[in-house]
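**Q** What follows is a predicted protein model with its sequence.
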Amino acid sequence: MNMTFRWYGDDDKVTLEQIKQIPGVSGIVSAIYDVTVGEVWSLEKIMDLKDEIEAYGLELLVIESVPVHEDIKLGLPTRDRYIANYCETLRNLAEAGIKVVCYNFMPVFDWTRSELDHELPDGSNALIYKHETVLKMDPLTGELSLPGWDSSYTKEGMKDLLAQYKSVTEEDLWNNLKYFLQHVIAVADEVGIKMAIHPDDPPWSIFGLPRIIANKENLERFINLVDSPNNGIALCSGSLGVDPNNDVPEIIRYFGKKGRIHFGHCRNIKITGEKCFEESSHKSADGSLDMVEIMKAYHDIDFNGPIRPDHGRMIWGETGRPGYGLYDRALGAAYLNGIWETLEKSN
Ligand code: DNO
């Protein structure tokens, strides 16, 4: 297991200097943020990012994410151009030595929450999700700015996009995903990149949009869409774990034994009601997921890929990118590393 940390590039308040001081973290998860979705990432830009990270004695281990253009998810004729660009980006990443690429296939919105800074009893602030609040949210008002909401759309652009999705069923989305994978995994196989799909967060439909990467059954369907070892999963405990029907350690063991987990996101969440949850600290006692069982599952499958602590709360007065401050994630990394070391030494 390789403990990694997500870094949002030069705009991140968290610096590489700080990350390198976290015990047991040597890998960085990052991306290129100034290329329009759908366009090719040049080798030069990728090398600049890699060099910047390596200057701190750290290693760029995972790209999270190379975003998938909406035309691909919608299955529009223009998708071929965007898929060709995606493949070109993968070739450039491989040339730079990148081995793992994370992405998601959620229509329009990536991860969604109803509140960004909910105060917990200990005075820390966390992201929370309440389905009844989300049902009342209007993605068209433009008043909302939540992490995972693409702010590059104008109100009109968003309206058009949502209208285009009106006729897209879950089955259409599966077909469009298969089409994408048939092209992209062929290139991944050729250049040696492990593709890791991130589960939908939360793993249920929002704003009437289809969401399919949501549970074990669908993950099984997913890996069989294109049966290659490079067609794998970014196993996110917090995304899957908010649905009590998802047994996260069991899912890790199941797909791990098939060699299809290429990246692990470890986040704890506390289920507070039906389709309602708070993001808690990583510690098992604070949330609904047993992190020891989760790390044990990774240990049982001899996982030797990258894992990162996922969202943290805002603690000790820190402000910044929701979910991605320094302190609580650093504590998470240390805690997960502690569990891992104990497992290693108990064998
Ligand atoms: C949220 C993240 C997601 C993830 C993408 C992967 O914090 O886990 O935004 O990076 O869904 O494409």
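**A** Nice, I can see it.

**Q** And the residue minimising distance to the centre of the chain, how close does it get to residue 62?
**A** Nearest to the mean C-alpha position of the chain, by C-alpha atoms, centre = their mean, lies residue 198 at 4.8 Å. Residue 198 is 11 Å from residue 62, where distance means C-beta to C-beta, to the nearest Å. No exception for glycine: its C-beta is placed from N, CA and C like everyone else's.

**Q** Ok, residue 212 next?
**A** Residue 212 is 23 Å from residue 62, by C-beta to C-beta.

**Q** same question, residue 188
**A** Taken as C-beta to C-beta, the span from residue 188 to residue 62 is 14 Å.

**Q** Same question for residue 17.
**A** From residue 17 to residue 62 the distance is 20 Å (C-beta to C-beta).

**Q** Residue 30 now?
**A** 8 Å.

**Q** Helices of the stretch 1-150 of the chain, start to end?
**A** Taking DSSP state H, counting those that start in this stretch, the helices of the stretch 1-150 of the chain run over residues 16-20, 43-54, 70-74, 79-95, 131-136.

**Q** quick one, which of those helices is nearest to residue 285?
**A** Nearest of the helices of the stretch 1-150 of the chain to residue 285, taken as C-beta to C-beta: helix 131-136 at 25.3 Å.

**Q** And the next helix or strand after that closest one, what's buried?
**A** Moving toward the C-terminus from helix 131-136, the next helix or strand (DSSP states H and E) is helix 155-165. Neighbour-count burial for helix 155-165, with 16 or more other C-beta atoms under 10 Å as criterion, is recorded at 158, 161, 162, 164, 165.

**Q** For the stretch 201-347 of the chain, just list every one of the strands.
**A** 231-236, 261-266, 269-273, 276-279, 306-309 (DSSP state E, counting those that start in this stretch).

**Q** Are the last one and the ligand in contact anywhere?
**A** Looking back up the chat, that one is strand 306-309. No - figure legend: strand 306-309 not in contact with the ligand (C-beta under 6 Å from any ligand atom); closest approach 9.2 Å.

**Q** hmm, back to that, mind putting the strands of the stretch 201-347 of the chain into a markdown table with mean pLDDT, mean neighbour count and distance to residue 69?
**A** Converted to a markdown table, the strands of the stretch 201-347 of the chain look like this (pLDDT from 0 to 100; neighbours: other C-beta atoms under 10 Å; distance: least, C-beta to C-beta, whole Å):
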| stretch | mean pLDDT | mean neighbour count | distance to residue 69 |
| --- | --- | --- | --- |
| strand 231-236 | 98 | 27 | 19 |
| strand 261-266 | 98 | 26 | 22 |
| strand 269-273 | 98 | 17 | 30 |
| strand 276-279 | 98 | 23 | 29 |
| strand 306-309 | 98 | 26 | 25 |
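
**Q** number of nearby residues for residue 286?
**A** 18 (other C-beta atoms under 10 Å).

**Q** While we're on it, how confident is the model there?
**A** Note for residue 286: predicted pLDDT of 95.

**Q** Now for residue 310: which residues touch it?
**A** 236, 237, 238, 265, 266, 267, 323, 329, 332 (C-beta atoms under 8 Å, 6 or more residues apart in numbering).

**Q** So the nearest residue to residue 101 once chain neighbours are set aside versus the ligand, what's the distance?
**A** In space, and not counting its chain neighbours, residue 101 is closest to residue 63: 4.8 Å by C-beta to C-beta, 6 or more residues apart in numbering. Distance, residue 63 to the ligand, using C-beta to the nearest ligand atom, to the nearest Å: 10 Å.

**Q** Isn't residue 69 up against residue 79?
**A** Yes - counting by C-beta atoms under 8 Å, residue 69 does reach residue 79; the two are 7.4 Å apart.
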